[in-house]
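Colleague: Structure for the following, please:
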Amino acid sequence: MAEKIKIKSILEIMGAPEEHVKKTMNMVIDKLKESPEFKLISDKIADTAKIEDRPFWSIYAEVELEFDSPNLIIGYCLDFMPSSIEILHPLSFNYDKTVMENLWNDVIARLHEYDMMVKNLHAENVIMKKQLSKLGGEPFKPKPSDVVKEDKK
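Modeller: Next comes the predicted model:
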């Protein structure tokens, strides 16, 4: 059996309100625990932090995971979008050409899947805007200045 791959990873979430950010991070950790693709070895969730001059909260978690294959690490990265990963073990890899081709083809397939989702959402958005304009409504187009800042008291 091939050697297990252990990584340390940082996951970050930003949003509002604070309780939603905490709840979402806990849901992400629960999803990691349930994954059949890897084993969650440890997790440490930091306290939430208020983003200065913004109505948002931030939280991060440091997790250690164990994988059977590098292909599964790519799936983890695309599914959970960590801000960083650090390979703890092994210290080096030796793969033949076929393994690397399969690895990169998996990345390409996932990117095509995401691209199709974005294109479908864009098409639905265009259709909804056209329908809204036929009803006489104007689509809401928020600007960065529309973000409501909390009053400092």
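Colleague: Sticking with the nearest residue to Ile45 once chain neighbours are set aside, tell me its helix or strand.
Modeller: Excluding its sequence neighbours, the residue lying closest to Ile45 (Cβ to Cβ, 6 or more residues apart in numbering) is Ala61, at 4.5 Å. Yep, even glycine has a C-beta here, placed from its N, CA and C like the rest. Using DSSP states H and E, Ala61 maps to strand 57-67.
Colleague: Torsion angles phi and psi at Ser92?
Modeller: Torsion angles at Ser92 (phi, psi; degrees, to the nearest 10) stand at phi -150, psi 160.
Colleague: My error: substitute Ile7 in the last question.
Modeller: In terms of degrees, to the nearest 10, the main-chain angles of Ile7 are phi -130, psi 160.
Colleague: What separation do you get for it and Thr48?
Modeller: Ile7 sits 25 Å away from Thr48, taking Cβ to Cβ, to the nearest Å as the criterion.
Colleague: quick check: domain ranges of the protein?
Modeller: Using automatic domain parsing, the domain parsing of the chain gives 5-94, 95-138.
Colleague: pLDDT below threshold where in the protein?
Modeller: 1, 137-153 (pLDDT under 70).
Colleague: Next up, phi/psi of His81, please.
Modeller: I think there's a mix-up here, since residue 81 is Met and not His. phi 50, psi 60.
Colleague: For it, list the residues it contacts.
Modeller: Neighbouring residues of Met81 by Cβ atoms under 8 Å, 6 or more residues apart in numbering: Leu11.
Colleague: again, but for Lys4
Modeller: Neighbour list for Lys4: Glu66, Phe67, Asp68, His89 [criterion: Cβ under 8 Å, 6+ apart].
Colleague: coming back round to it: the residue nearest to Ile45 contacts Asn26, doesn't it?
Modeller: No. In terms of Cβ atoms under 8 Å, Ala61 does not count as a neighbour of Asn26; the distance is 9.3 Å.
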